[in-house]
Structure formats: structure tokens, C-alpha cells
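Chemist: Just a sequence and a predicted model for now, questions to come.
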Amino acid sequence: MSDRFATDAVSNQAPPLTDVNLYAADVALTDAVTREGAGASARTLNAFGLTAGSEEARELAALANHHPPELATHDRHGRRLDLVTYHPAYHDLMRLSCAEGLANSTWAHLGPAGGAPDKAAHVTRAANLYLAAQMEPGHCCPLTMTNAAVPVLLKNESLARDWLPLVLSRTYDPSFEPAAGKAGVTLGMGLTEKQGGTDVRANTTRATRTADGLYTLTGHKWFLSAPMSDAFLILAQSDAGLSLFLVPRFLPDESVNALHFQRLKNKLGNRANASTEVELHAATGWLIGEEGRGVASIVDMLTYCRLDCAISSAGLMRSSVAYAVHHAEHRHAGGRALVNEPLMQQVLADLTLDVEAAVALSFRLARSFDRARDPRAAAWRRLMTPVTKYWITKIAPALIAEAMECLGGNGFVEDWPIALLYREAPVNAIWEGSGNVMALDVLRVLQKEPDVAELVTDELRAACAGDAVLTAGFTRLEAVLHEPRLLDGRARQLVEAFAKLAAGAILRAQGNAAIADAFIATRIGGSARSTYGQGLDSFDLKAILARATPNRQA
Ligand SMILES: Cc1cc2nc3c(=O)[nH]c(=O)nc-3n(C[C@H](O)[C@H](O)[C@H](O)COP(=O)(O)OP(=O)(O)OC[C@H]3O[C@@H](n4cnc5c(N)ncnc54)[C@H](O)[C@@H]3O)c2cc1C
């Protein structure tokens, strides 16, 4: 019988993009790692690139997202449990990323091996995080918070003595047990309340000092992610004002601390990771830093988290564009591969330019964390953390949406990986300081820390010199900077200008003319536009796209 009507034959579908070395196949990444001083980590990054890009990791990511965490508040007898259970795939992902040092590697010098800090520790970890975010973004939340909590823990000597050895372990231990008996721990944070997240000074959770010098915390937190972490950094109002406390899940007598989980957030994305609402019922806390100086005590943690938001968004962007290019290389329309259609070429090349810029900016920022003893690097870190976090996390959702469209209908279907990347993307802009908050932070630097601003603008001026379009862009930026009365209303415009100029200057210095010429001409010199795929007809699209193609042989 003829099978003329059989529908099982499949043609003109791209082969799965899997078992790719996500490190070696990514030229923008390997260039950035070398440029920013972490070339010596290439061997381990190659190994993690293979793991993160493996078919096995893809399956773990799918399972962890299709079986989101579940909360059990009570057992069947009505006793409190406050337990969140995860699919085993989530634990496997955590195990892989913890073994890679994602929860602590920038602080390895504080561990038993000691020694001087690795000069490229932040850049190396940034590369690992960029890969881990592509493997599965939700599980990165506890990794980021744990790594970022270390400088805060160091403010309290006795807490650091007890907790650091456990934080610095690369063994992931998901057991719900007192920390002292565990092989490794993770940390979370509780800042946001119903009445205000950004405005933490409006926090109402009370901290009352007890006879033994500890505190009891009573109140409510509206978001507490990774609730099975072993301890949380929590802001609460004491008699001296807003203060920071370490609140562990277990107390020294091995009883469970009074953190009562109410429900899990039903989130757009970030589904492998749990986020709870929690009541603190006179939970015991240990003061960190000075009483009444809670914001100053937590600020380092936020800075490290903001770096991670930028890095992981850059990873999500890269991943989506790699899938888009791969699809266009294999999908044919009218007998021609989509990647050879001039309009598709322009779209893909345009997307590639923003990925290159995001990688350049975020890895440059990571280097400034490695060199923060140098005043110029410290200034870059201070001003460019909110700039970089703002710009990359803001452009990611639109870029990923366009990359999704390159796959046509497949892109919108959850079986393909871009849907997950798209649902994840907005959160990096929202948490750890939303867009306006980042823009206001930049204004704060410009208005209150003129020395910092001057060091960065001097560096940018020098980096733009020699390129007429960059120099003209810098002159426009300076004109606004010299008009203090204009600053308040132009904060977002300024942040974007800083980001694009810095990215353009790094891409220019990197020496890939095809990328730098097109980015600078369209983002700094060109006319305003609001969608991708425009203004590149006179550029070397093939050379740009060559950097985006995910090389499966690498
Ligand atoms: C998935 C997820 C997980 C989270 N996990 C945690 C967690 O583990 N711990 C935790 O503490 N929090 C967590 N959060 C909360 C998150 O950090 C906050 O939602 C975020 O800081 C914004 O606070 P908010 O929701 O109260 O919004 P608001 O502070 O009310 O802000 C609303 C909007 O107003 C803008 N805005 C605020 N102030 C100003 C101003 N002065 N001028 C102009 N614009 C302004 C903001 O940019 C934002 O766009 C999580 C959030 C999400 C979505």
C-alpha cells in the first residue's frame, strides 16, 4: 500500500543542538576569558562546557522545570514541616555546579588551602556561571546568593569561623540537617516584604535582643528564594534601626528555627528554583555588622548578585542566539537555507552584536572585581555594576524573543529550549535592584562620588579616542554629565549611553573589526530603532555570524 499520506517522515527540521562544548564553541566567551585574564582556566572551563552542553544536562534541566518544587507546610498529624522538595534532577544540577565552585570559588583562598586570591577568580567563576545559566538558569539563584554572602559573613568573626568552612565546601548536601553535620551548605536572603522590596527601610519585621545577646525576629518576608538553604541573611528592625541577621534553619540545640513557609510563588519562569513567602515566629538571629546599619552590611552581597545577573543574562542571550543560528543553518524555505536569506542574516547578525556586547561588558565587569584594589578598577566596579546590570538584563528579554522568532513556531513550544530562556529572562532585571533602582544608583555615584565618576569617564574617554563615532558618542554623554539639572530626568538615557560606549570601546579594542564596526555604527552612531535586523546591509554579515555559529566539533 502506498504511504503517500504517511505523516511520520520528518524533513527540513534542524537536528537537535546538543552535546556541544558550550565553552569551546563560543568565540566571544573564549576571547573574553583570555582578554580579562582567566586564560589559565581554559582546561577546566572546557570540561564544564562539555558537561553543561551535554544531552544529559539538557534532560536534567527539562525535568527540573517540568517538575517544580513542592511545599509541605505540615505532616499528616498537623505538625509543622516547612519542607520544600525538589525533583532529583534539580539536585543533580546543583551537585554539578557546586562541584565547579559556583557557590564559592571566588573565596577559595579563605579555605584550608589558603594562599593569595586567584587573580582571575571572578572572571573564571563568571565563565562558569555563564555556562551554568545556559545549562539551567533556575538553580543558579542559590549559587549566586551563597557566593555573594561570603563578604557579608566576614563581617562577623565568630559566624565566619563557624560557617565559612561549610560555605567553602564544593560538596552539595541537600539534607535537611543541622549545618554542623553537613558536607556543605548554601545561603539565601530575605529582604523583600509586602509593603516594599526596594524600599527596605519600610521593613516591619522586628528584631528583639534577648538576654544571651542574640535576637528574635518576628514578621513576614514576601520573597525568600531557595528556602531549603541552610541559613538566610535577613533584614529586620531592631531598636537601633534596620539591621542584618543570620537566621539558620536549625538552632545550636538542633531544633528547627521558627521559619514558617506559607506558600510557594507561582512564577513565570525560574521554576526549578523555589521562592517562598515566610513568617518568622520569633526566629533566632545572629547580628551581622553594626546594629542599625543593615543596608550597609548587606550592600556587598547585592553588588555581587548584580554582577551575576548580568553574567547569567549574557549566557541566556548567547544560548538563544546559538539556537537561532543553528536552526537557520538547517531550515530551508523556498529551497534555500534561512541563514542565507539576506533579511534573516541581518536579524541574526544584529542579535549577535548584542551578545558580543553583553559578553564584553559583563566579563570586563568581572575583571574589575578581581582587581578592586586598583582605584581605577574599583571605580569601574562601583559605577559600571549598575550600568552593566541594567543594560544587559533589560535587553535580554527582547533579544531572546527575536531569537525565538527565528525558530518560527518551534521557538514558542516548551519542547524547544528558548521558551524556558524567555520565561527566565525578565527576572534578572527585576530582582537585586530593578531598572530604575540601578539608574538611581548610577545617579548617586555621579552626584555623590565624583572621584569615582571621573576615573571611569577618564578611562572611557581614552578608550573612545581614535574612533570618530565613539568619540562623538562620548562628547554627547559628557554634555549631559556637565548639566547637573538634567541628570535626574535622564538617568536611564545616561546608563544606556555608558553601557553602549563601554561595550563599543571594549569591542573596538578586542580587534574584531566586523563586530566593532557594526555595533558602534548601529548602537552609537546610527539612527534610533526599536527592533532587530536593521541598518546592517553594508556590513560583513558572514564575518559577524561566523562568531555566533555554535561549532559542534569544538
Ligand atoms: C523570582 C523572584 C525571586 C525573588 N527572591 C528574593 C529573595 O530570595 N529574597 C528577597 O529578599 N527578595 C527576593 N525577590 C524580590 C525582589 O528582589 C523584589 O521583587 C525587587 O527587589 C523589587 O521589589 P518590589 O517587588 O517590592 O518592587 P518595588 O520596590 O515596589 O518596585 C516596583 C517598581 O518601582 C521601581 N522603583 C522603586 N523605587 C523607585 C524610585 N524611588 N524611583 C523610581 N522607581 C522606583 C522599581 O524599579 C520597580 O520597577 C525575588 C523576586 C522574584 C521575582
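Modeler: The structure has been received and is ready for your questions.

Chemist: Grab the longest helix from this protein for me.
Modeler: When the chain is parsed with DSSP state H, its longest helix is helix 294-330.

Chemist: strands paired with the longest strand seen in the chain, and their directions?
Modeler: Longest among the strand segments of the chain by residue count, using DSSP state E, is strand 275-288. The pairing partners recorded for strand 275-288 under DSSP bridges are strand 215-225 (antiparallel), strand 241-248 (antiparallel), strand 259-264 (antiparallel).

Chemist: Would you check that Leu383 makes contact with Gln447?
Modeler: No: with contact defined as Cβ atoms under 8 Å, Leu383 does not reach Gln447; the gap is 11.9 Å. C-beta: built from backbone N, CA, C; applies to glycine.

Chemist: Of these two, which one has the most company?
Modeler: Shown here are Leu383 and Gln447; by other Cβ atoms under 10 Å, Leu383 has more neighbours (26 against 12).

Chemist: before we move on, the earlier item: list the buried residues for the longest strand of the chain?
Modeler: Going by neighbour count (16 or more other Cβ atoms under 10 Å), the buried part of strand 275-288 is 275-280, 283-288.

Chemist: Return it as PDB; C-alpha atoms alone will do.
Modeler: Taking Å, rounded to 0.1, in the frame of the first residue of the first chain, the C-alpha atoms of strand 275-288 are listed here in PDB:
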ATOM      1  CA  SER A 275      10.600  31.100  46.100                       C
ATOM      2  CA  THR A 276       8.500  31.200  49.300                       C
ATOM      3  CA  GLU A 277       6.600  33.600  51.500                       C
ATOM      4  CA  VAL A 278       7.700  33.100  55.000                       C
ATOM      5  CA  GLU A 279       6.600  34.100  58.500                       C
ATOM      6  CA  LEU A 280       9.200  34.500  61.200                       C
ATOM      7  CA  HIS A 281       7.800  33.400  64.500                       C
ATOM      8  CA  ALA A 282      10.400  34.700  66.900                       C
ATOM      9  CA  ALA A 283      13.100  33.000  64.800                       C
ATOM     10  CA  THR A 284      16.600  33.300  66.300                       C
ATOM     11  CA  GLY A 285      19.100  35.500  64.500                       C
ATOM     12  CA  TRP A 286      22.700  36.500  64.900                       C
ATOM     13  CA  LEU A 287      23.600  40.100  64.300                       C
ATOM     14  CA  ILE A 288      25.900  40.800  61.400                       C
END
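
Chemist: Make 35 the first number, not 1, from now on.
Modeler: That works, and once the first residue is 35, the last one we named lands at strand 309-322.

Chemist: hmm, back to that, same for the longest helix of the chain, what does it pack against?
Modeler: In terms of contacts (3 or more Cβ pairs under 8 Å, 6 or more residues apart in numbering; DSSP states H and E), helix 328-364 is packed against helix 155-169, helix 174-187, strand 265-272, strand 275-282, strand 370-371, helix 376-404, helix 409-440, helix 452-464.

Chemist: looking at the ones you listed, which is buried most?
Modeler: helix 155-169 (a mean of 28; mean count of other Cβ atoms under 10 Å).

Chemist: Good, wrapping up.
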